[in-house]
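Chemist: Got a sequence here, can you build the structure:
(one chain, ligands or ions: 1)
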Amino acid sequence: MKQIKVCGGNILSGTIKISGAKNSAVALIPASILADDIVKIDNIPAISDIDALDEILKYLGAKVEFKDGIMTIDPRSIKNKMIPKEVSSKLRASYYFMSALLGKYKYVEMYFPGGCKIGARPIDQTLKGFKELGATVVEKDNKFVISAEELKGGHVYLDMPSVGATINTMLVASRAKGLTIIENAAKEPEIVNVATFLNNMGARITGAGTSEIRIKGVESLKGCFTEVIPDRIETGTYVIAGALLGDNLKIENIIPEHIESLTLKLREMGVKMTIGKDNIVINKCDKLKPVNLKTLGYPGFPTDLQQPITTLLTQCNGLSQIEETIYENRFQNVPYLNKMGANIKISGKKLKIKGPTKLKGAKVTATDLRAGACLILAALIAKGTTTIKDIEHVLRGYENIIEKLTDVGAKISLEEI
Ligand code: EPU
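Modeler: Residues are numbered from 1 along each chain as shown. This is a model prediction of the structure:
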C-alpha cells in the first residue's frame with residue numbers, strides 16, 4: 001500500500017509538461033489488436049492503467065514493447081481467449097477489448113469491466129451498439145458471451161452521449177460490413193484521437209468530434225503509427241494548482257481548446273492566465289469570485305475536473321455551486337475536504353461550497369482517481385501536513401505526479417505503508 005505525504009503552503013513555479021491522455025491511450029491500445037500488422041503508439045503515459053492493458057495484451061499473445069513513451073504492439077500472434085476476471089476488473093477500459101476482439105473474431109467472452117466506484121456505470125449502450133451490428137449477447141453472473149455470424153453496419157442511436165459506447169461501436173463497425181451511423185455520439189477529443197488512429201489503420205470514419213459519426217466497414221486494418229493527444233484532465237488539474245499557488249507556473253504541451261470550459265470558468269473567477277499556442281502560464285489569485293458550474297459531456301465542463309475544481313471553489317469569496325450530472329457518486333472527496341476545514345454541503349446531485357475557508361492538514365483517503373487529485377490540491381494549500389491513503393487510485397491516471405509537483409516547488413512524497 002502507498003500513501004502520499006504533503007507539506008502544504010509552497011508556491012509553485014517553473015514548468016510542468018503534460019503527458020499523453022489516459023482516456024485516449026486506454027482505448028488506442030485495445031484498438032491496436034484490430035490491425036493485421038505492427039502498430040506504434042507514441043506519447044503513452046507511464047501509469048498503472050497502461051500496465052494493466054500491457055498485461056492483457058501479453059496474456060492474449062501479442063508482442064509488446066514499451067520504451068521512451070512509445071508502445072510497439074505486434075498483434076499477429078494474438079489468440080482470442082477470455083481475459084481473466086481479476087485482470088479485466090482492474091479498469092473500465094478493459095471493455096475496449098470486448099469490441100476489438102468482437103470486431104476481429106466475431107466472438108468474445110468477457111466479464112463486466114472495473115473502474116473507479118463513482119456510480120453505477122452500466123454498459124447497456126455498448127451492448128445495444130453490438131446488437132445493432134448483428135451480435136448476440138448472452139449475460140450470466142456478469143460474464144458476457146458476445147458472438148455474430150456476420151457483423152453488419154447499422155443505425156445506432158445512443159440514449160446518452162457515452163464515451164465508452166461511442167468508441168466500442170466505432171471499433172466493431174470498422175470491421176462490420178457496410179455503413180454504420182452512430183447518432184448522439186460523444187464528442188470528446190479522445191474519440192477523435194481513436195477515429196484518427198483507426199483511419200490511419202485503413203478504416204473509413206467521418207464525423208468524429210460531432211454527434212453523428214459514420215463508419216464504412218473494411219475487410220482488414222493495417223499497421224500504423226499514431227500519437228496520443230495531451231491529457232486535458234491532467235492539464236486541468238495542474239492549471240487549477242496554478243490558480244491556487246502559481247507564480248508564473250507554466251503548463252506546457254497542451255491543447256488549450258480542449259480545456260476551454262475550465263479556462264472560461266477561471267476567467268469568470270478572476271484568475272489571471274496567459275494562454276499560448278500549446279501552453280498556459282498561470283498565477284495564484286487572492287480574490288477569487290464564486291461561480292456555479294454543471295458537469296456535461298464535451299465541450300461542457302468535464303466531470304473528471306469536478307472534484308479537482310471543488311478545492312479551488314473552497315477559496316472563493318462567497319457561495320459556489322456545482323451540479324454533477326454524469327455520475328451519482330462523485331462526491332466522496334467532500335467529507336475529506338470538510339475534515340480539512342472546507343464548508344461544503346451535499347444536496348442530491350449538487351454541492352454548495354461556502355468560501356473562503358482556510359484548510360489544514362489531515363489524514364484523508366483517495367476513494368477514486370479524481371478524488372485523490374482533489375485532495376492533493378487541497379493538501380498543497382493546507383497548513384501543515386496531509387497524508388493521503390489509497391493513492392494507488394491516483395497512480396492509475398497521473399504520470400509522475402510526485403516528480404512533476406516536486407520539480408515546481410511542492411513538498412510531496414510517496415511512502416510505502
Ligand atoms: N452510461 C449508461 N450506459 C452506458 C454508458 C454510460 O447509462 O452504456 C451512463 C452512466 O451513468 C455513466 C455515464 O453515462 O456514468 C457516462 O458514461 P461514459 O460511457 O461516457 O463514460 P465511460 O466511457 O465509462 C469515460 C472515462 C471517464 C469519464 C467519462 C465521461 C475512460 C476509461 N473513462 O468513462 O473517466 O469520466 O468517460 O467523460 O475513458 C476518469 O478518468 O476519472 C474517468 C472516470
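Chemist: Could you use CA atoms for every contact and neighbour count after this?
Modeler: OK.
Chemist: The residue nearest to residue 275 when sequence neighbours are not counted pairs with what?
Modeler: Ranked by Cα to Cα, 6 or more residues apart in numbering and with sequence neighbours excluded, the top spatial neighbour of residue 275 is residue 281, at 6.6 Å. For residue 281, the beta-bridge partners are residue 250, residue 274 (DSSP bridges).
Chemist: Now do residue 281 against the ligand, distance only.
Modeler: 24 Å (Cα to the nearest ligand atom, to the nearest Å).
Chemist: Same check on residue 7?
Modeler: For residue 7, the distance to the ligand - Cα to the nearest ligand atom - is 25 Å.
Chemist: so what's the closest residue in space to that residue that isn't next to it in sequence up against?
Modeler: With Cα to Cα, 6+ apart as the criterion, residue 7 has its nearest non-adjacent residue at 4.5 Å, and that residue is residue 385. Listed by Cα atoms under 8 Å, 6 or more residues apart in numbering, the contact set of residue 385 reads 5-8, 360-362, 379.
Chemist: try 6 Å this time
Modeler: 6-7, 361 (Cα atoms under 6 Å, 6 or more residues apart in numbering).
Chemist: Residue 384 too?
Modeler: With Cα under 6 Å, 6+ apart, residue 384 has these contacts: 7-8, 361.
Chemist: repeat that for 8 Å
Modeler: Contacts of residue 384 by Cα under 8 Å, 6+ apart are 7-9, 360-361.
Chemist: do residue 33 as well
Modeler: Taking Cα under 8 Å, 6+ apart, one finds 75, 78, 100-101, 104 in contact with residue 33.
Chemist: pretty sure the residue nearest to residue 275 contacts residue 263?
Modeler: No - Residue 281 is not in contact with residue 263 according to Cα atoms under 8 Å; the separation is 11.6 Å.
Chemist: PyMOL command for the buried members of the contacts of residue 33?
Modeler: PyMOL command restricting the contacts of residue 33 to the buried ones, with burial defined by 16 or more other Cα atoms under 10 Å:
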select buried, resi 75+78+100+101+104
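Chemist: Of the contacts of residue 33, which belong to strands?
Modeler: Judged by DSSP state E, strands contain none of the contacts of residue 33.
Chemist: helix/strand/coil for the residue of the stretch 201-350 of the chain found nearest the ligand?
Modeler: At 4.7 Å from the ligand, residue 327 is the closest residue in the stretch 201-350 of the chain, using Cα to the nearest ligand atom. The three-state assignment at residue 327 reads coil, by DSSP: H, G, I helix; E, B strand; the rest coil.
Chemist: The closest residue to it other than its chain neighbours: neighbouring residues, count only.
Modeler: Spatial nearest neighbour of residue 327, chain neighbours left out: residue 119 (5.4 Å); criterion: Cα to Cα, 6+ apart. Close neighbours of residue 119, defined as other Cα atoms under 10 Å, add up to 11.
Chemist: residues from this structure in reach of the ligand?
Modeler: Within the chain, the positions near the ligand by Cα under 6 Å from any ligand atom are 23, 92-93, 121-126, 162-165, 303-304, 326-327, 369-370.
Chemist: Regarding stretch 264-275, how distant is the last residue from the first?
Modeler: 11 Å (Cα to Cα, to the nearest Å).
Chemist: buried stuff in it?
Modeler: 265-266, 269-273.
Chemist: Over to stretch 38-52?
Modeler: Of the residues in stretch 38-52, those buried (16+ other Cα under 10 Å) are 38-50, 52.
Chemist: Would you mind confirming that residue 132 is in contact with residue 154?
Modeler: Yes - with contact defined as Cα under 8 Å, residue 132 reaches residue 154; the gap is 5.6 Å.
Chemist: shared neighbours of these two, anything?
Modeler: Common contacts of residue 132 and residue 154 (Cα under 8 Å, 6+ apart): none found.
Chemist: The helix or strand of the chain with the lowest mean pLDDT packs against which elements?
Modeler: Least confident helix or strand of the chain, by mean pLDDT, DSSP states H and E, is helix 85-88 with a mean of 92. Packing partners of helix 85-88 (3 or more Cα pairs under 8 Å, 6 or more residues apart in numbering; DSSP states H and E): helix 48-60, strand 107-111.
Chemist: Residues contacting stretch 135-155, please?
Modeler: 102-103, 106-112, 127, 130-134, 172-173, 175-183, 216-217.
Chemist: Identify each buried residue in that stretch, please.
Modeler: Per 16+ other Cα under 10 Å, stretch 135-155 contains these buried residues: 135, 137, 144-148, 151-154.
Chemist: Out of the buried residues of stretch 264-275, name the ones that lie in strands.
Modeler: When DSSP E is applied, the buried residues of stretch 264-275 are split such that residue 273 fall in strands.
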